[in-house]
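S.K.: please find the sequence and the predicted model below.
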Amino acid sequence: MSSSNRYSPEVRERAVRLVFEHRDEYESEWAAITSIATKFGCSTETLRNWVRRAETDAGRRPGVTSSQHEELKVLRREVKELRRANEILR
């Protein structure tokens with residue numbers, strides 16, 4: 001099972017929310033992520049990625065949001081199909 005499907009969206013949201021709510025109680029954000037990740041049974045890197053994605057989606061960190069990323073995937077797939085169709089028509 002891939003890591004993107006291993007944890008339900010509810011579990012991810014709860015873990016990220018706990019990091020946001022409790023990071024001031026630790027000496028660093030990394031310490032909070034490490035502690036909370038062990039409680040959820042995921043790796044610290046996985047939780048760190050979830051936190052970064054949530055920050056980007058909320059506009060607190062620069063980057064491509066999840067919805068923009070999905071839109072890009074759809075558009076790239078469509079361009080690929082159109083190029084293939086054009087090549088067939090030639």
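M.R.: Sure, I can see it.

S.K.: so what does the helix ranked longest in the chain touch, helix or strand wise?
M.R.: Looking across the chain with DSSP state H, the single longest helix is helix 66-89. With contacts taken as 3 or more C-beta pairs under 8 Å, 6 or more residues apart in numbering; DSSP states H and E, helix 66-89 sits against helix 44-57. In this view, the C-beta of every residue, glycine as well, is placed from N, C-alpha and C.

S.K.: next, the buried residues of the helix it packs on.
M.R.: For helix 44-57, the neighbour count (16 or more other C-beta atoms under 10 Å) marks 46, 47, 48, 50, 51, 53, 54, 56, 57 as buried.

S.K.: how about the CA coordinates for it, as CSV?
M.R.: Extracted in CSV, the C-alpha atoms of helix 44-57 (Å, rounded to 0.1, in the frame of the first residue of the first chain):
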residue,chain,number,x,y,z
THR,A,44,8.7,12.1,11.0
GLU,A,45,9.4,13.0,7.4
THR,A,46,5.9,12.0,6.4
LEU,A,47,4.3,14.2,9.0
ARG,A,48,6.8,17.1,8.2
ASN,A,49,5.6,16.8,4.5
TRP,A,50,1.9,16.9,5.6
VAL,A,51,2.6,20.0,7.8
ARG,A,52,4.4,21.8,4.9
ARG,A,53,1.6,20.9,2.5
ALA,A,54,-1.0,22.3,5.0
GLU,A,55,1.1,25.5,5.4
THR,A,56,1.3,25.9,1.6
ASP,A,57,-2.5,25.3,1.2
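
S.K.: could you give the angle of that helix to helix 66-89?
M.R.: Here helix 44-57 runs at an angle of 90 degrees relative to helix 66-89 (axes from the mean of the first three to the mean of the last three C-alpha atoms, to 10 degrees).

S.K.: just checking, what packs against helix 44-57?
M.R.: By 3+ C-beta pairs under 8 Å, 6+ apart, helix 44-57 packs against helix 9-22, helix 29-40, helix 66-89.

S.K.: columns mean neighbour count and mean pLDDT on top of these, output as CSV?
M.R.: Putting these into CSV (neighbours: other C-beta atoms under 10 Å; pLDDT from 0 to 100) gives the following:
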stretch, mean neighbour count, mean pLDDT
helix 9-22, 15, 95
helix 29-40, 16, 95
helix 66-89, 10, 94
